[in-house]
Structure formats: C-alpha cells, structure tokens
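**Student:** build me a model from this:
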Amino acid sequence: MKQLRDRVIRSGLGALHVTGAHRLLRPMLAGVGNIFMLHHVRPRRDVPFQPNHHLEITPEFLRTTLKHVRDLGIDIVTLDEMQRRLAARDFARRFACFTLDDGYRDNRDYAAPVMREFDAPFTVYVASDFADGIGRLWWVALERVVTFADTIDVIIDRIATRLHTTTLEGKREAFAILHDWLRRLPDSAAIRREMTSLCLRHGVDEEAISRELCLSWDELQAFAAEPLLTIGAHTVTHDNLAKQSETAVLREITTNRADIEAALQRPVRHLAYPYGDKAAAGPREFTLARRVGFTTAVTTRPGMVFAGNAAHPTALPRISLNGNYQDARFLPVLTSGAATALWNRFRRVDVA
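**Tutor:** Here you go, the predicted model:
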C-alpha cells in the first residue's frame, strides 16, 4: 500500500511538472511562504531495504533545494522572523524556513555545513529523551528487526500472525504491517512493550539507537553556538500527544522546553509535534502549545503558509523534503503550492 501511494504521489508530481500547470497555479497557491520539514541529512546508504528512507535526504539534495529557493528570490528566514511577518502581515516577499526534527547527529555533521554555504538559518527540534540517550526510536528499531529476521511472529488484533521476511518484498510488506499496527496501538506504553519484545527476540539493542543517532546534551551545547541555528522543542519522549491526557501533554511540552533551556541557557519559543499528523496533533494540542507560551508550533500536515495561518501560529503546516522524491524536477512543483493544494482540496488553512 505504501509503495502504491508513493508511486501515485510521484506520478502526480511528475504530471504537474510535465504539464507546467504548477507555473500557472503558483500565484494563487504558493501562499506567503512555506516551512520545509526534514529529519536526517546524510549520504545515501547503499542497502536495499530502507523502509524509513522517506525520512532522509542527501546533502546534495539539500544543496539543490537551497539553490532553488534562492533562485526564486525567496527569503530564507528564522521562525522568529516568519512569525514577525505573519503577525505584521508583512508579505512583500515570500519566505521559507528549514526545520529538522528529532536532533540527529547528522544534522550537525551534514546539514549544518550546507546551510552555512547559503548563510541560511535553520531550526532543529530536540526531544529530551533522545538527547539523554534513553529515547526509543521505535521505527528505526523496527527496521533493524525486520532487516535481521527471517520470520517474525506477533499477535495483531488478537490474531497470531507469522510474517515471512526472507525476501526484500517480504521485508517491505512485514514492515508496513507492523508499522501500521504499532501506530494503531492505544498508547506509547503499548508500543514500547511490543517493540521491546520484538527487539529482545531478534537481537536488536533498542536502547543504543538514540545514543548512536542523536546529539547528546553536551553535543547540543556545542552545536548551539552555530549562529544560524535555532533549537526548538519536540517533547520529552516523542510520544503521540493526542493519545495522552491534557496533564501529560503539558508535562511533555513544558518539561522538554525547561530541559533545553537549562542545557543551552537560551529561551525556547518553537515546538514541533511528534508525528504531527491529524492522529497526533489537533485542536487540543494547538491550544495547549499556545497556552504555555510557544510562539509557533509545526505539524506534519502538508501545506503552504497563507496569511490566514497568522491566526493559528501553533498549527502550522510544512512541506516535507521526502527522501523518496529527491528529484530536482519536483522542487518547482513543491514550492508552487500546487501539490499540497490538490492534497488539501484547495483548503488553505486546516486546523481542525
């Protein structure tokens, strides 16, 4: 199903590019700016099974994107400057913001040097548990389980299920089934319980992954000296906020902000919701983020930023730089707003 969806999206992007429709639609659909969403930036991995490939782009594609944005005459700005323009309705020039979720070490090693080449500000959203080295990046752990396994036995919806993973196609199908099942579980405790069981049975060191991939607090302190960088909040545990009580959500976002401020000795004004789709962040979360004083908060809902988003600064959409669509032909389509307009059925502001 995921592969089919990817093919449909790629075909749609290609069709918009070939027909040139995006050029005609740009004045109506590009909005006042956009926020790019990234996760990993690192060299391409030469392995056949990469189910999380959508979460990474190469430094070369980041460079191509930055050049494209600059060639369009779009200002690359900080989130603070974006919010100032929205509040002041200063839309004389379009803007773009670059944001990276989770606090991966490759953000420092590969993304930051490219951003410096273009003198382009960027934001990295940090989860406390990842910086502490105790976070659970379950989607990475799941990739490793499926990579190493020949068969996987699980109980899904009370049905004993055996997944055969000796072939590449079998691994892709198994990952998709397990990923969707885990996202459907009632809370993060259930995800942890099931992933811990899978990792123990298949020899994956689940606890080592955040230490391997994410910046520690000491590394973040050094990285924060980068003048182009803003550090934002990404909760304590990176759990789905929509599945938690209001008290738990407030604890997740305020403790995370306090952790970062204590470590870096600077205010934290910006938040990214973990997962960030409609199943993970909605009106309650938007209200709570604003109540505790975040200036902006970003979702993963696809969309351009329009003047109407000024009234909803804690429910901002983003444009994903998706590793499955690293094609320079698609960048003019993405920055025109045509693709996300079709996705959103031409609704400009979606905060429901």
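
**Student:** measure the closest residue to residue 255 other than its chain neighbours to residue 300 for me?
**Tutor:** Closest residue in space to residue 255, ignoring its immediate chain neighbours: residue 236 at 5.3 Å, by Cβ to Cβ, 6 or more residues apart in numbering. Glycine gets a C-beta too; all of them are placed from N, C-alpha and C. Residue 236 sits 19 Å away from residue 300, going by Cβ to Cβ, to the nearest Å.

**Student:** more crowded one of these two?
**Tutor:** More crowded of residue 236 and residue 300, by other Cβ atoms under 10 Å: residue 236, with 22 against 18.

**Student:** my read: that one touches residue 128, true?
**Tutor:** Yes: using Cβ atoms under 8 Å, residue 236 makes contact with residue 128 at a distance of 4.4 Å.

**Student:** spit out the residues that contact these two alike.
**Tutor:** Common contacts of residue 236 and residue 128, defined by Cβ atoms under 8 Å, 6 or more residues apart in numbering, comprise 255, 256, 259.

**Student:** derive a ChimeraX selection command for the buried subset of those residues.
**Tutor:** Per 16 or more other Cβ atoms under 10 Å, the buried members of the shared contacts of residue 236 and residue 128 correspond to this ChimeraX selection:
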select :256,259
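
**Student:** closest to residue 81 among the shared contacts of residue 236 and residue 128?
**Tutor:** Set against residue 81, the nearest of the shared contacts of residue 236 and residue 128 by Cβ to Cβ is residue 256 (23.4 Å).

**Student:** part of a helix, is the closest one?
**Tutor:** Yes: assigned with DSSP: H, G, I helix; E, B strand; the rest coil, residue 256 falls within a helix.

**Student:** right, and it touches residue 127 too?
**Tutor:** Yes: look at residue 256 against residue 127 with Cβ under 8 Å: they come within range, at 6.8 Å.

**Student:** spit out the residues that contact the two alike.
**Tutor:** Overlap between the contact sets of residue 256 and residue 127, as judged by Cβ under 8 Å, 6+ apart, is given by 234, 235, 236.

**Student:** so what's the last one scoring on pLDDT?
**Tutor:** Looking at residue 236, its pLDDT stands at 98.

**Student:** helix, strand or coil for it?
**Tutor:** Of the three states, residue 236 takes coil under three-state DSSP.

**Student:** which residues touch it?
**Tutor:** 127, 128, 129, 251, 252, 255, 256, 259.

**Student:** same check, this time on the first one
**Tutor:** With contact set as Cβ under 8 Å, 6+ apart, residue 234 has these partners: 101, 102, 103, 125, 126, 127, 130, 256, 271, 272, 274.

**Student:** picking that back up, redo the contacts of residue 236 as a markdown table? Include distance to residue 350.
**Tutor:** Shown next, in a markdown table, are these (distance: Cβ to Cβ, whole Å):
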| residue | distance to residue 350 |
| --- | --- |
| 127 | 25 |
| 128 | 29 |
| 129 | 30 |
| 251 | 27 |
| 252 | 23 |
| 255 | 29 |
| 256 | 25 |
| 259 | 31 |
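
**Student:** just give me the closest of these to residue 194.
**Tutor:** residue 129 (18.2 Å).

**Student:** list the contacts for residue 211?
**Tutor:** By Cβ under 8 Å, 6+ apart, the residues touching residue 211 are residue 133.

**Student:** ok, now residue 104?
**Tutor:** For residue 104, the contact set (Cβ under 8 Å, 6+ apart) comprises 39, 40, 213, 214, 215.

**Student:** fine by me, thanks again.
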